[in-house]
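Visitor: The amino acid sequence is not available; the structure is as follows:
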C-alpha cells in the first residue's frame, strides 16, 4: 500500500460454532476514502464491521489504527478511538428527544449535576442543521421519520469527533429524497476528511459514492478494486461467483397443474416511508414444482409467505387462488387446515419449542390425530410412533423422540420442523430460507428431501439468500426487489448474474 | 435445598428407566425431600413438641391449608405455564366469598327463609341454595377470567396490568357490594356476611373436604396439562408464543381457558375459605394470597418465562410453603402470622433465583459485584441478625431474654457476614482475560444477518462454585 493506511485489518478471523464467519481477512482502509464493502447476505460484511466498531470483541487476528495495534473492549472504546457505526437497525431510544439521543451517555451537566438541556439542544440543533435535517432537537426520536432518525445517529457520531464512520446498509429504509440528502451528507463528511466504510449491495449506490470497493464472499475477501477500474457487472460476478457442490437432479420433474396462484398481491406498510411492503405480485405455482424466490434482505420474501399463510398482521390486497378456490386465510390454523405449511425463516424465534423434546416438536401440529377416544387425551404410544416414523423418514439424527430438541444440530432442528409440517399432509410447502445456519452436508440432504417431496406431488415455494442454492434446487425462480417482482426465470435461463441484476434493479 | 435438585430437568440426552423418571420429576423429588426435612427439623427444634403430641391434628391442619392454597396455586400456575401472570387470585377469593354469601342471602329471601324481622335465616339451608350459590360463584369466576382474557388478547394489555386491575378493583368492588347486599336483604348495612348453615361451614372446616376437592381438581388439571392437546398447546404458547401461533394453534382461545382456570380455581378456593371463616369479609379475605399462589407455582418448578412447570410440582410447592409456614409457627410461638410474609418473600426470591440459575446453567454468576454487593452484604448481615433476634424471643422466657436475643443476633449476623465476605472474595479473584472484556453495549440491538448471534463471551469458565452460598445460608437461618 503506497498510501498511509488508517486502519489495517490483519488476518482477522471470526468463528461461530460450526461456521467460519470471517476467514483471515486482510484489508487496509485509507484515510479520507469512501470504501464500500459488498457481498451477499451472510458474506461476513456485518461481522467485519462489528469487529471494527467494538461490538464483537472476541476474534482472532489484529486491528491496527495508524500503525498501532488496538483491541477494543467495547463500542465505547471504539468510539473513543474515533470509530462509530450506524447500524441497519437504528439504535435510538425512541422515548427520548433527538438531542437527548445525540448526547446519550455523555450528557452535559450544569452545577449540582442537573442536565443542561439548553446547551445540549443548541448543540444538537447546530449539528442537525449542518446535516440538512431541520427537525426540532426536542422532538421525540420515535416520532421522526426513519431518514431523520438516521441523521440523528450520524449527528451523534459527529459529536463524538468520529474519524471513521461505518454505515451498514443505510439506504435500506429511506425514500429517494432522503437517499439524495444522505449522499450530500456523505459528501460533506468527506470534505471534513471523515473516512467512510459503506456496506451495501446496491450497485448504483456503491458506484456513485465509493473510491474503492471490497468484495466479500463466504467470509473471505475476494478482491479490492478501484471504482474506476471496474464495473457493476464484474462486482456482481465477484459477489456470487462461488462453486456449490453439485447436487444434480437429473430427471426433470413433472409439474402436474396449478395449485397456487397469486394475483396482484399488495401488502401495505403503514407508517413507513415506502407505502408498500409488496406491490402487485403475481405468480403461479404448480404441484410437483419448486418455485424459488430470490431477493436481498428486506425484498419482501418473508412477508409474501406470511400473507400466503394467514400470518400477516396487516391484511393484504389482491387475490390468492389455492387448489382452484379463491382463499383468504386469517389465521395460520386456517392455512394449515387447507393444506398450506410454512417453515419459518427464524428457526429459534418462530419455529422451535426449545423446552420440548424432538417428538413433541414433531407432533405439535397434528396432535388432534394422535388422541384416543374417552378423554381425547394424547396417546403417547401413537405419538411416539408418529415421531419415530418422521425421524426415520427424514433421517433426523437424534437419540430418539425423547431427546431435547436443543440437543440437535441446526440442520436436524430444521428437519424436525419440516417433519412437523409434513405430518399435516400439505399441498403447498412454504420454505423460508430453510438452509440458513445449516452446514454444507445437511444442506445437500435438505435439497434431496425437497426434491423427493416435490416428486411426490407437493408444490414448494422456496426462498433463499443463496443464489446457487436456488439455481440448484428450483424449476423456476422469481426475483423480488424492494417488494416488487423484477424478474422470472426458468432454471435454464437463470444465472447468478441475471438474478443479482434483477434483485438490485431499483426503480 | 428443595430447589437445588430442580436443575436436572433438562437433560440433553434421553435417559432411560429410573433416571429418566427422576429427571422428569426432579422438582417433585426435591420438594418431597425438602418437605420431609423441614418437618424433621421442626420436630427436632420445637421445644413444645407440638408435632409429636398432636400429629393427626397438625397433619390435617397443614393439609387443609395446603389444599386451599393448592387449588388456586394450580390456576395461577397454569397461567404462568402459558406465559402469563395472574395477580388477581387474592381479590377473586375475597370477591367470590362476597358473591357466594350474597347469593345465599338473596336465595333465602327468595325462598322465604326469613325471621320475624325480615332478616334471612341462614341456618339449615336447603341443598339447592348451596348448589346454586356455588355454581353462580364459579360462573362469576368464569366471567372475571374471560374479562382478563379479553383485556389481554383483544385489547392487548400486558397480563400484569390486566390482572393488577382486578387485584385492586375486585376487592374494592366486593367491599362496596357487600354493604348494598346487606342493605337490600337484611335490616343493616354491615361490611360482613355471616352464614350459619352447618353444611356450608363444613365445606372448609372438615379437613378432608378441601383435600378431596384439591385432589379432584389436581387430577383434572394434571390430566389436562399432561395428556391433552390443549395442555400441550398451553405449554407451547408459554414456551414460544409466535411459533405456537405459526403452528396453527389458536393462542387466544387457549389463553382464555388458562385465565378462566386461574380465576375459577380462585373462586373455588374463595368458597372454601368463606366456608372456613363462616362468611364473607372482603376487607381481609385472601389478602396477599395471589403472591402465595405465584410463590407456590414458582417454588413448584414453574418458570415465570413460561413453558415450564407441572401440576404435581405446584401442589407440592403449595404443601412445601404451608409446611414451612407451619413449622415456623410452631417454633416461633408468639404471633406466627406475622412471619408468613417473610417466609413467602424469602422462598419466592430463592425460587426465582434458582430458576434464573437453571436457565443460564454453567454461567459463573457473581452475586456481590462492586458497591452494590458491599451494600447488600451489610444489609443481609443486619437482616439475618435481626431475624435471629426476633426468632429467639420465645422459648423458655425464664432466663434473661434480651441478652439471649442480642447474643443470638450477633452470632447469626457474624456468621452471615463471614460467609458472604468469603463468597465475595471468592468471586473477585482475578479470572484472566474475562475480567478485562467489558460487555458490548449495543450488541443486542442488531438483526444478525451473518451467522450466529452477537459476541458470545464464552471465555474461560471457572468451575462452578457450590450454588449461591448466601441464599442457602439465609434458607438455613430461616428454618432454624
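Guide: Perfect, thanks for sending it. Only a predicted model underlies this, so the values are computations on that prediction, with no experimental measurement involved. Residues are numbered from 1 along each chain as shown, chains lettered A, B, ... in the order given.

Visitor: Against which helices or strands is the helix or strand containing residue B:223 packed?
Guide: Using DSSP states H and E, residue B:223 maps to helix B:208-227. Counting contacts by 3 or more C-beta pairs under 8 Å, 6 or more residues apart in numbering or on different chains; DSSP states H and E, helix B:208-227 is packed against strand A:377-378, helix B:55-81, helix B:198-205, helix B:229-239, helix B:251-277, helix B:311-331. For every residue, glycine as well, the C-beta is placed using N, CA and C.

Visitor: Kindly state the pLDDT recorded for whichever residue of the stretch 401-507 of chain A sits closest to chain B?
Guide: At 3.5 Å from chain B, residue A:402 is the closest residue in the stretch 401-507 of chain A, using C-beta to the nearest C-beta. Listed pLDDT for residue A:402 reads 89.

Visitor: so how far is residue A:360 from it?
Guide: As for residue A:402, its distance to residue A:360 is 9 Å (criterion: C-beta to C-beta, to the nearest Å).

Visitor: more crowded one of the two?
Guide: Each of residue A:402 and residue A:360 has its neighbours counted (other C-beta atoms under 10 Å in any protein chain shown); residue A:360 has more, 23 against 19.

Visitor: ok, that one touching residue A:353?
Guide: Yes: at 6.8 Å, residue A:360 counts as touching residue A:353 under the criterion of C-beta atoms under 8 Å.

Visitor: Overlap of the contact sets of those two?
Guide: Common neighbours of residue A:360 and residue A:353, counting by C-beta atoms under 8 Å, 6 or more residues apart in numbering or on different chains, are residue A:405.

Visitor: So residue A:230 versus residue A:223, what's the distance?
Guide: Counting by C-beta to C-beta, the gap from residue A:230 to residue A:223 is 9 Å.

Visitor: Domain ranges for the chain, per the record?
Guide: Here I'm looking at chain A. What automatic domain parsing lists as the domains of chain A is A:1-82+A:195-242, A:244-339+A:426-507, A:353-425.

Visitor: Chain B is the one I meant
Guide: B:57-359, B:367-429+B:470-480.

Visitor: can I assume the residue of the stretch 401-507 of chain A closest to chain B is in contact with residue A:359?
Guide: Yes: judged on C-beta under 8 Å, residue A:402 makes contact with residue A:359 at a distance of 6.5 Å.

Visitor: Show me which residues of the stretch 1-150 of chain A sit near chain B.
Guide: Residues of the stretch 1-150 of chain A that fall close to chain B, judged by C-beta under 8 Å from any C-beta of the partner chain: A:16-17, A:19, A:21, A:41-47, A:50, A:54-58, A:73-76, A:87-89, A:91.

Visitor: Could you provide the domains of chain A in JSON lines, with additional columns for distance to residue B:25?
Guide: Listed next are those as JSON lines, based on distance: least, C-beta to C-beta, whole Å:
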{"stretch": "domain A:1-82+A:195-242", "distance to residue B:25": "32"}
{"stretch": "domain A:244-339+A:426-507", "distance to residue B:25": "33"}
{"stretch": "domain A:353-425", "distance to residue B:25": "15"}
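
Visitor: residues contacting residue 92?
Guide: No chain specified, so I'll use chain A. Residue A:92 is in contact with A:101, A:141-142, A:149, A:152-153, counting by C-beta under 8 Å, 6+ apart.

Visitor: that's the other chain; I wanted chain B
Guide: Residue B:92 neighbours (C-beta under 8 Å, 6+ apart): B:72, B:141, B:144, B:166, B:170, B:263, B:266-267, B:270, B:286.

Visitor: Just the buried residues of the residues you listed.
Guide: B:72, B:141, B:144, B:166, B:170, B:263, B:266-267, B:270, B:286 (16 or more other C-beta atoms under 10 Å in any protein chain shown).

Visitor: Check pLDDT for those residues and point me to the minimum.
Guide: Minimum confidence in these sits at residue B:286, scoring 89.

Visitor: Just give the nearest non-adjacent residue to it, would you?
Guide: In space, residue B:286 comes closest to residue B:93 once its chain neighbours are excluded; the distance is 3.2 Å by C-beta to C-beta, 6 or more residues apart in numbering or on different chains.

Visitor: That neighbour should be in a strand, yeah?
Guide: No: counting by DSSP: H, G, I helix; E, B strand; the rest coil, residue B:93 is not part of a strand but helix.

Visitor: Next one: the closest residue to chain A within the stretch 251-400 of chain B from residue B:282, what distance?
Guide: Residue nearest to chain A within the stretch 251-400 of chain B: residue B:307 (4.8 Å; C-beta to the nearest C-beta). In this view, residue B:307 and residue B:282 are 35 Å apart by C-beta to C-beta.

Visitor: hey, which helix or strand in the chain has the poorest pLDDT?
Guide: Let's take chain A. helix A:232-240 (a mean of 79; mean pLDDT, DSSP states H and E).

Visitor: Give the other helices and strands that it contacts.
Guide: With contacts taken as 3+ C-beta pairs under 8 Å, 6+ apart, helix A:232-240 sits against helix A:203-209, strand A:212-217, strand A:220-226, helix A:496-503.

Visitor: follow-up on the earlier one: mind checking which of the contacts of residue A:92 are buried?
Guide: Here, 16+ other C-beta under 10 Å leaves A:101, A:141, A:149, A:152-153 buried among those.
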